[in-house]
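# pasting the structure only:
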């Protein structure tokens, strides 16, 4: 198997941009990634697109706007983990020698898609979705459980949102660059008790792209290659009546497999970008990703370990809380963020001396499967 | 008068005591599925027997959705209930202004989930008891 390098990354503006089609946001990101890599569009041999809603010919259309035609390309959909999945597929092509260089592009227009303005639901024909389970209500069920069984406080549930909004003030790509307080979170409009709008990621359009290639090609363009050392995608197991919602077994299994595949441990990870569509998710993700022991997520969080300057900063970009969650783009965007830190190009939000970082995206829900239903983890290192 | 119609017929079974939720049980390992499945998710056995589920269970967690949610009137309380058969089901709850408490006993009721022009769409909700 060959080593795979992320040669270039690019992002579109993230924000409410209903006037720009999703594929044009993807094209903005693709062009930025090509420029960052220093290659010609004609060098690209294969392409993967990622989009969840209303997707038809997504990557073909993006490539058309980016000067790339006549090559093998595929579109992927895996709920919130779609972008991470597309990265995984391109990684496989290069690692196993099918192609030497390719592009992955994720995009979404949440302001104009077919579910614009609605709570994100489950899947067609899903029983619990029919009964009223949505992504916010699922997060709220877990949040109430965390308060009842783990002693989490309302401040704990809001912690990640407050931290990530603070981080976003340092990120030029963020949709919201305004710090918020616990009072702001608690006074915001209630969505699904106890979660308010400020526990939930905003409605956002955006695109993100990355160029992956062999080490041999990378050597022509850079002396500081960022390697994609591990890439894992998994679906969840069937659920069980006695499984606690915060156990998130798919995330635990993903993390363990990702560490083993990369020959790296959680103690080596300098920063993490993860799915914080709902603020309380960070709390149990710390445990599932082995950033702290099981059962110690709350004290770990309260210690400040995951803020910029802490032991392992989580979502230094501002996370989905501040960049929003254009579903198909987020899994690629988190890879872009880690790469910027590893290249020491993350500006004021830079995690100092970062040598390895994890880009995680999980999501989806299906009655009968453990939640979330799918996840992707990509680990990058220099 | 509007016609009453279950939102999904396969979830319910008529009993001398009114309607009950119905799942199915693996004839080999005894695992119970709700909704019914055509094979056992534990041992992949394809012989499953229908089994009536208890009407009473324990509230595992809950939330109340406050923003528009398609066909459902809001606020829309929804929870997860653990039944004695070792099944955890998701169910709308009967709204209670005093709120809900995890661990409380809850009992299933058949009721109208929402109305259509010519139909009452029936389903199940759980009423959470005060401890």
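Structure's in. What do you need? As the structure is a prediction and not an experimental result, all values here were calculated from the model. Numbering: from 1, shown residues only, chains lettered A, B, ... in the order given.

# from here on, just use CA atoms for contacts and neighbour counts.
Fine.

# how about the residue of chain B found nearest chain A, phi and psi?
When distances are taken as Cα to the nearest Cα, chain B reaches nearest to chain A at residue B:65, 4.1 Å away. Comment: the main-chain dihedrals of residue B:65 come out as phi -80, psi 130, following degrees, to the nearest 10.

# my read is that it contacts residue B:75, right?
Yes - with contact taken as Cα atoms under 8 Å, residue B:65 and residue B:75 are classed as touching, separated by 5.6 Å.

# more neighbours, the two?
It is residue B:65, of residue B:65 and residue B:75, that has more neighbours when counted by other Cα atoms under 10 Å in any protein chain shown, with 26 against 16.

# what pLDDT does the more buried one get?
The score at residue B:65 is 95. That number is its pLDDT.

# tell me the contacts of it?
Applying Cα atoms under 8 Å, 6 or more residues apart in numbering or on different chains to residue B:65 gives the contacts A:137, A:191-193, B:74-78.

# who does the residue of chain B closest to chain A bridge with?
In this structure, residue B:65 bridges to residue A:192, residue B:76 when assessed by DSSP bridges.

# if I look at the closest residue to residue A:112 other than its chain neighbours, how far off is residue A:238?
The shortest distance from residue A:112 to any residue that is not its chain neighbour, by Cα to Cα, 6 or more residues apart in numbering or on different chains, is 5.9 Å, and that residue is residue A:18. Using Cα to Cα, to the nearest Å, we find residue A:18 at a distance of 38 Å from residue A:238.

# next: residue A:337.
In this structure, residue A:337 and residue A:238 are separated by 33 Å, where distance is defined by Cα to Cα.

# higher neighbour count, those two?
residue A:337 (25 against 14).

# can you give me phi and psi for the more buried one?
Reported as degrees, to the nearest 10, the phi and psi values for residue A:337 are phi -60, psi -50.

# do the same with residue A:151
phi 70, psi 20.

# quick one: the strands in chain B, in order.
The residue ranges that make up the strands of chain B, judged by DSSP state E, are B:3-6, B:12-15, B:18-26, B:32-33, B:48-52, B:56-65, B:76-83, B:87-92, B:105-115, B:119-128.

# out of the ones you listed, which comes closest to residue A:286?
Comparison of those against residue A:286 by Cα to Cα identifies strand B:56-65 as nearest, at 21.9 Å.

# report the buried residues of the closest one.
By neighbour count on 16 or more other Cα atoms under 10 Å in any protein chain shown, the buried set for strand B:56-65 is B:56-65.

# so where's chain A uncertain?
For chain A, no stretch has pLDDT under 70.

# look up how far residue A:106 lies from the closest residue to chain B within the stretch 1-150 of chain A.
The stretch 1-150 of chain A approaches chain B most closely through residue A:141 (5.3 Å), counting by Cα to the nearest Cα. Residue A:141 sits 30 Å away from residue A:106, taking Cα to Cα as the criterion.

# what's the answer for residue A:322, then?
The span separating residue A:322 from residue A:106 equals 18 Å under the rule Cα to Cα.

# so for those two, which residue has more residues nearby?
Neighbour tally, residue A:322 and residue A:106, criterion other Cα under 10 Å: the higher count belongs to residue A:106, 40 against 34.

# check which helix or strand covers residue A:242.
When secondary structure is defined using DSSP states H and E, no element contains residue A:242, which sits outside every helix and strand.

# ok, the closest residue to residue A:177 other than its chain neighbours - contacts?
The spatial neighbour of residue A:177 that comes closest, neighbours along the chain excluded (Cα to Cα, 6+ apart), is residue A:169 at 4.2 Å. For residue A:169, the contacting residues are A:176-179, A:318, by Cα under 8 Å, 6+ apart.

# buried residues in stretch B:42-53?
Applying a neighbour-count criterion of 16+ other Cα under 10 Å, the buried positions in stretch B:42-53 are B:48, B:51-53.

# can you report how many residues lie near residue A:345?
Around residue A:345 there are 13 other residues, counting by other Cα under 10 Å.

# can you tell me how far it sits from chain B?
Applying Cα to the nearest Cα, to the nearest Å, one obtains 41 Å for the distance of residue A:345 from chain B.

# quick check, that residue in a helix?
No - Residue A:345 sits outside any helix when classified using DSSP: H, G, I helix; E, B strand; the rest coil, being coil.

# how many residues are close by residue A:365?
23.

# quick revisit: in JSON lines: the strands of chain B, plus distance to residue A:369.
Formatted as JSON lines, the entries for these read as follows, by distance: least, Cα to Cα, whole Å:
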{"stretch": "strand B:3-6", "distance to residue A:369": "24"}
{"stretch": "strand B:12-15", "distance to residue A:369": "22"}
{"stretch": "strand B:18-26", "distance to residue A:369": "17"}
{"stretch": "strand B:32-33", "distance to residue A:369": "12"}
{"stretch": "strand B:48-52", "distance to residue A:369": "19"}
{"stretch": "strand B:56-65", "distance to residue A:369": "17"}
{"stretch": "strand B:76-83", "distance to residue A:369": "14"}
{"stretch": "strand B:87-92", "distance to residue A:369": "12"}
{"stretch": "strand B:105-115", "distance to residue A:369": "23"}
{"stretch": "strand B:119-128", "distance to residue A:369": "21"}
